[in-house]
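In: kindly generate the corresponding structure for this input.
(4 chains)
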Number of protein chains: 4
Amino acid sequence: MTETMLEMGRRVLGEQPFSVLLGVELTLFEPGKAELRVPIGRNLMQQRGFVSGGVLSYLADNAITYAAGGVLGTDVLTVEFKINFIRPALGEALIARASTVSAGRTLAVARCDLYCMNEGRETLVAAAQGTITRVERGDPK
Amino acid sequence: MTETMLEMGRRVLGEQPFSVLLGVELTLFEPGKAELRVPIGRNLMQQRGFVSGGVLSYLADNAITYAAGGVLGTDVLTVEFKINFIRPALGEALIARASTVSAGRTLAVARCDLYCMNEGRETLVAAAQGTITRVERGDPK
Amino acid sequence: MTETMLEMGRRVLGEQPFSVLLGVELTLFEPGKAELRVPIGRNLMQQRGFVSGGVLSYLADNAITYAAGGVLGTDVLTVEFKINFIRPALGEALIARASTVSAGRTLAVARCDLYCMNEGRETLVAAAQGTITRVERGDPK
Amino acid sequence: MTETMLEMGRRVLGEQPFSVLLGVELTLFEPGKAELRVPIGRNLMQQRGFVSGGVLSYLADNAITYAAGGVLGTDVLTVEFKINFIRPALGEALIARASTVSAGRTLAVARCDLYCMNEGRETLVAAAQGTITRVERGDPK
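Out: Numbers count the residues shown, from 1 in each chain, chains lettered A, B, ... in the order given. Prediction:
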C-alpha cells in the first residue's frame, strides 16, 4: 500500500519539531497547493492577546514550501518570502492556504493567504508571496 | 526608580507568550536598534535538523518591531517584512540584530541580520527588511 | 458631464511624464482593480533583448497604486512592494493586472500579475505584492 | 590591453536600451558592490513632480544585479526584490548603492540604498533587498 501525497506531507510535518510544538496540521496537499491549520492557544500570542506575527510568518513560510514542494519535488526550501500583516489575528484557529503562481525547473513562486477562523467565519489576516528552490543533493546552494 | 529602555523591552517580551515559549531574550534595545537571542533547542527545528525558517521569521519580525518601536514609540506593529534565508541555521544560539533605516512620523523601515552562534563563531543565516507603523490608540489601521 | 473613473485615471497617467515616456495606457480602473498596458519597443529592453526588469517593476508599482487608489482615495502612494521575475518578457505588449487583497482606513495590500502578450497569447512573466497608503494633505509620512 | 571591471560594466549598461533611455551611468563596479547614477529630468517624474517609483525600482533592480554579478559571474539575473519608498525623491540626481549581503554558488542576496543628490546633499529615498541567481547557459530557470 503506497502512501498518499497527504500522508507523506503529514509524515514530514510530524518530523518537524517546531511544527509539532505549535500543533500544526496539514489539511490539504496537492501539486501546487497546500493548507496548514493550527488551533490558536495562548502560547501563540503576543502581548496584546493576538496571534504573534511569528506564527503567521511560520505558517506562510511552511505552506508555500509545501505548495511548491508538491510541484518541484520533495527536496525544496524557501529562498525568501514577504508577508503583509493585514489585521489582528484572533479566534479558534489559523488557516494558511498556499498555491504556486509558477514553477520552473528549479525555482517556484507561491502565494499564501492566511485566515482566522472565528465562530465559524473566516477573516483574512495576512498575505504572503515567496520563492522556493529545489535542493540538489550534496549540492547546497 | 525608573525602568530603563532595556528593562521595559524585556518586560514587554515577557508578556509575549510565544516569545516565552521560544525562550527568547532581548539583549540590546536602544532607539533604532534591537538584538534578540534564542538558544537553539530541538524544539525549534525542522525535519533536517536545522532551525525552522519560522523561528528566523519570528525573530526578524520581532527584532525590527523593537528597533522601530524605540524610535516611533512603544505602540507599533509590523506592516510587512521580507526575509531571505541564506544558509541552514544550526549551532548554540540565534542572534537577530535589527536597526532602522529610516523613521518618519508614522512609518519606519528597518533591516535585520540573523546569525547563528556556533562554537563561538557567528555566521549570517538570514537577512530581512520590513515596514513598521505607529498604532494610534482606538484607531486600528 | 462628469468624468468617469477610467477617464480620471487616464488623465492622471497623462500627467506622469515617466508613464508617457514609456507609452503606458490604463485599460481598466475600478475600485480595487487596475490594468496597465504598454507596447514593447526596443527602448524598454535590457542587453539580452528582453523587457527590462525596471519596466516590469514600474508597471507593478503603478498598477497596485491605481488598484488601491480606487479604494483608499486618489491621494495614495506605494509604501513598498516586492516583485518576482518569473520568465523573460518579450512579445508585443506587457499587461499588468492589479487588485487589492485588503483595504483598511489608511493602508491597503494589493497584488499584481504581469503578462506578456505574444502572438495573441498571454504568458505570466512576473508577480508582485505591495502596500499602499493614503496620503493626508499637508501631512507627509 | 584588457578591459577593467568598470569598463566592462559600462559596456553592458550601454547595451541596455532602457538604461540608455533613462541616461543611467555606472559609477562604481567592484566584486559585491555597484553604484548607478541618473540625472533627474522631467521625463523621470510622476504627476506630483517627484521621481517615479518606477525609476527607483529600476535602479535598485539593476544595481543589485550588478553587485551580485561582480561575485556570481556576469551571467546573472534578479529573481526578485523588494523596495521601500522612504520619502519623495527630487533634486539633481539619483544614486543607487548596492552591495551583496551574501553570495553562494548560484544565489546571492544584495541590498541597495537609494539617495537623492540635492544641492550637494544626499538624502536616503528608498531601500531595497533582493535575490540574484547565476544563469546557466542553455539552461533557463
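
In: which element is residue A:20 on?
Out: Using DSSP states H and E, residue A:20 sits within helix A:17-22.

In: in that helix, which residues are buried?
Out: Residues of helix A:17-22 classed as buried by neighbour count (16 or more other Cβ atoms under 10 Å in any protein chain shown): A:17, A:18, A:19, A:21, A:22. Where C-beta positions appear, they are placed from N, C-alpha and C, glycine not excepted.

In: OK, contacts around residue A:29?
Out: Neighbour list for residue A:29: A:5, A:6, A:8, A:9, A:10, A:35, A:66, A:70 [criterion: Cβ atoms under 8 Å, 6 or more residues apart in numbering or on different chains].

In: the second one - that's part of a helix, no?
Out: Yes - with DSSP: H, G, I helix; E, B strand; the rest coil as the criterion, residue A:6 is located in a helix.

In: for the longest strand seen in chain A, which strands pair with it and how are they oriented?
Out: Selection of the longest strand in chain A by residue count, based on DSSP state E, yields strand A:121-134. Here strand A:121-134 has these sheet partners by DSSP bridges: strand A:76-85 (antiparallel), strand A:107-118 (antiparallel).

In: and that strand, what's buried?
Out: A:123, A:125, A:126, A:127, A:128, A:129, A:130, A:131, A:132, A:133, A:134.

In: quickly note the distance from the closest residue in space to the third one that isn't next to it in sequence to residue A:98.
Out: This means residue A:126. In space, and not counting its chain neighbours, residue A:126 is closest to residue A:114: 4.1 Å by Cβ to Cβ, 6 or more residues apart in numbering or on different chains. Note on residue A:114: its distance to residue A:98, by Cβ to Cβ, to the nearest Å, is 9 Å.

In: quick check: bridge partners of the closest residue to residue A:24 other than its chain neighbours?
Out: Closest residue to residue A:24 apart from its sequence neighbours, by Cβ to Cβ, 6+ apart: residue A:38 at 4.6 Å. Taking DSSP bridges as the rule, residue A:38 bridges to residue A:94.

In: go on, residue A:28?
Out: With DSSP bridges as the rule, residue A:28 is bridged to residue A:35.

In: so which of the buried residues of helix A:17-22 are also by chain B?
Out: For chain B, the contacts drawn from the buried residues of helix A:17-22 by Cβ under 8 Å from any Cβ of the partner chain are A:17, A:18, A:19, A:21, A:22.

In: who's in contact with the first one?
Out: Under the criterion of Cβ under 8 Å, 6+ apart, the neighbours of residue A:17 are B:42, B:43, B:44, B:45, B:46.

In: so where's chain A shaky on pLDDT?
Out: Within chain A, the segments meeting pLDDT under 70 span A:1, A:137-141.

In: any buried residues in the top helix by length along it, and which?
Out: Longest helix of chain A, by residue count under DSSP state H: helix A:53-72. The neighbour-count check on helix A:53-72 (16+ other Cβ under 10 Å) flags A:53-72 as buried.

In: and that helix, does that touch chain D?
Out: No - Helix A:53-72 lies out of reach of chain D by Cβ under 8 Å from any Cβ, never closer than 11.7 Å.

In: Throw the contacts of residue A:17 into TSV and include distance to chain D and secondary structure, thanks.
Out: Putting the contacts of residue A:17 into TSV (distance: Cβ to the nearest Cβ, whole Å; DSSP: H, G, I helix; E, B strand; the rest coil) gives the following:
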residue	distance to chain D	secondary structure
B:42	27	helix
B:43	27	helix
B:44	22	helix
B:45	22	strand
B:46	19	coil
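
In: let's see if you can find the most crowded of those residues.
Out: Most neighbours among these, by other Cβ atoms under 10 Å in any protein chain shown: residue B:46, with 24 neighbours.

In: who's in contact with that one?
Out: Neighbours of residue B:46 in contact, by Cβ under 8 Å, 6+ apart: A:16, A:17, A:18, A:19, B:52, B:53.

In: what's the closest of these to residue A:106?
Out: Nearest to residue A:106 among the contacts of residue B:46: residue B:53, at 18.5 Å, using Cβ to Cβ.

In: re earlier: how about the longest helix of chain A as PDB, C-alpha atoms only?
Out: Extracted C-alpha coordinates of helix A:53-72, given in PDB (Å, rounded to 0.1, in the frame of the first residue of the first chain):
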ATOM      1  CA  GLY A  53       3.300  37.700  13.700                       C
ATOM      2  CA  GLY A  54       5.900  35.000  14.100                       C
ATOM      3  CA  VAL A  55       3.300  32.300  14.000                       C
ATOM      4  CA  LEU A  56       1.700  33.700  10.900                       C
ATOM      5  CA  SER A  57       5.200  34.000   9.300                       C
ATOM      6  CA  TYR A  58       6.000  30.400  10.100                       C
ATOM      7  CA  LEU A  59       2.700  29.200   8.600                       C
ATOM      8  CA  ALA A  60       3.200  31.300   5.400                       C
ATOM      9  CA  ASP A  61       6.800  30.000   5.000                       C
ATOM     10  CA  ASN A  62       5.900  26.400   5.600                       C
ATOM     11  CA  ALA A  63       2.700  26.500   3.500                       C
ATOM     12  CA  ILE A  64       4.400  27.900   0.400                       C
ATOM     13  CA  THR A  65       7.200  25.400   0.800                       C
ATOM     14  CA  TYR A  66       4.700  22.600   0.800                       C
ATOM     15  CA  ALA A  67       2.800  24.000  -2.200                       C
ATOM     16  CA  ALA A  68       5.900  24.300  -4.300                       C
ATOM     17  CA  GLY A  69       7.300  21.000  -3.000                       C
ATOM     18  CA  GLY A  70       4.300  19.300  -4.500                       C
ATOM     19  CA  VAL A  71       5.500  20.500  -7.900                       C
ATOM     20  CA  LEU A  72       9.300  20.900  -7.700                       C
END
